[in-house]
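structure, please.
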Amino acid sequence: MSAGTRDAVLSPRILPELLRVADVDPGLLLTTFDERDSAELGGVLARAEVLFTGWGCPPLDEDALRRMPRLRAVVHAAGSVKHHVTDACWKRGLLVSSAAAANALPVAEYTLAAILFANKRVLEAAHAYRVARGPVDPLHRYPRAGNYRKTVGLVGASLIGRRVLELLRPFDLRVLVNDPYADPAEVTALGGEPCSLDELLRRSDVVSLHAPLLPQTHHLLDASRLGLMPDGATLINTARGSLVDTAALTEELVAGRLHAVLDHTEPEVLPAASPLFNLPNVLLTPHVAGSLGGELDRLAATAVEELERYARGLGFRHAVDPGRLAYSA
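Residues are numbered from 1 along each chain as shown. I've put the predicted structure just below:
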């Protein structure tokens, strides 16, 4: 992992737990698998049985694995493993675990807050109050505000999408779900109503994206699909910016027809001149929905628990299924 990742994830609360379950040098940080970069690296890699990885881990390709003949498992203290776990890992038969389930929790919590605030028209009301600096009549200004019997559309029944479904259960909301890989019966059991993407967009007051970025999901919401959303609807993106055609979305937002809560954009950092920074119907956040601060302890604790299960000869609780990687994050 990167040096910054180690400092953030292996806090003084977590490091003693890692040392309890593993034979590890806490001062050793690998940012490369190229033994030419260090005289000691070759010996370290040759002895490694498990890699404890995080953001910034280099790819585990055939050359890297050749230097690690004893390697049996990869425990990732973060979400997606697509950046470093390669086909060579699966051919070797490595066991792989991810803390994606732990990282899903804060994203789902952010999404829940965004949904409730969006339907309550909090962004608009705050802007109106800031401009008026005097009385604002919300009953007349926002006659459709509120969450009672509103419709929420979730695009993707991923770990995060399913957690959002759970969090929405106490509220008087109708929840539509679109996911071509999800079992409709399972979606129904979770409290969602399976439907096509176009139907979801037409019917939803709020649309929240939880789909992975795949070739078939690039610009999933283009101009025509954004045009299906009702006037005044809100788009929430905590997934990947490339799921949405930024130019088309910007046009809709500048016109004031749609609202948006965007934690991911394309590009990831918008140009300084982007009008989205100043629009009253847009909330931009700099990729904060995922684990931050103390929430990183949950990621690391999950990874340490997986490492302890491995040490005891137990299967991973959060094992990565290579067969699902083609359509997951």
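
make it CA atoms for all contacts and neighbour counts henceforth
Fine.

quick one: contacts for residue 69?
Neighbouring residues of residue 69 by C-alpha atoms under 8 Å, 6 or more residues apart in numbering: 46, 47.

would you confirm that it belongs to a strand?
No - assessed by DSSP: H, G, I helix; E, B strand; the rest coil, residue 69 does not belong to a strand; its assignment is coil.

next one: residue 51 relative to residue 68, how far apart?
Between residue 51 and residue 68 the distance, using C-alpha to C-alpha, to the nearest Å, works out to 10 Å.

same question but for residue 20, I mixed them up
Applying C-alpha to C-alpha, one obtains 23 Å for the distance of residue 20 from residue 68.

again with residue 274
Computed with C-alpha to C-alpha, the distance linking residue 274 and residue 68 is 47 Å.

next: residue 124.
According to C-alpha to C-alpha, residue 124 stands 56 Å off from residue 68.

one more: residue 310?
Using C-alpha to C-alpha, residue 310 is found at 18 Å from residue 68.

more crowded one of residue 20 and residue 68?
residue 68 (20 against 11; other C-alpha atoms under 10 Å).

would you point out which residue is most central in the chain?
residue 239 (5.2 Å; C-alpha atoms, centre = their mean).

now it: closest residue in space, sequence neighbours ignored.
Nearest non-adjacent residue to residue 239, counting by C-alpha to C-alpha, 6 or more residues apart in numbering: residue 210, 5.3 Å away.

quick revisit: just the pLDDT for the residue nearest to the centre of the chain.
Looking at residue 239, its pLDDT stands at 97.

correct me, but it touches residue 214?
No - in terms of C-alpha atoms under 8 Å, residue 239 does not count as a neighbour of residue 214; the distance is 11.8 Å.

how about residues contacting the helix or strand of the chain at the bottom of the mean pLDDT ranking?
The helix or strand of the chain with the lowest confidence, counting by mean pLDDT, DSSP states H and E, is helix 41-47 at a mean of 87. Taking C-alpha under 8 Å, 6+ apart as the criterion, the residues outside helix 41-47 that touch it are 33, 34, 35, 67, 68, 69, 70, 71.

now render those residues as a markdown table, adding pLDDT.
Formatted as a markdown table, the entries for the contacts of helix 41-47 read as follows, by pLDDT from 0 to 100:
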| residue | pLDDT |
| --- | --- |
| 33 | 89 |
| 34 | 84 |
| 35 | 69 |
| 67 | 92 |
| 68 | 95 |
| 69 | 96 |
| 70 | 97 |
| 71 | 98 |
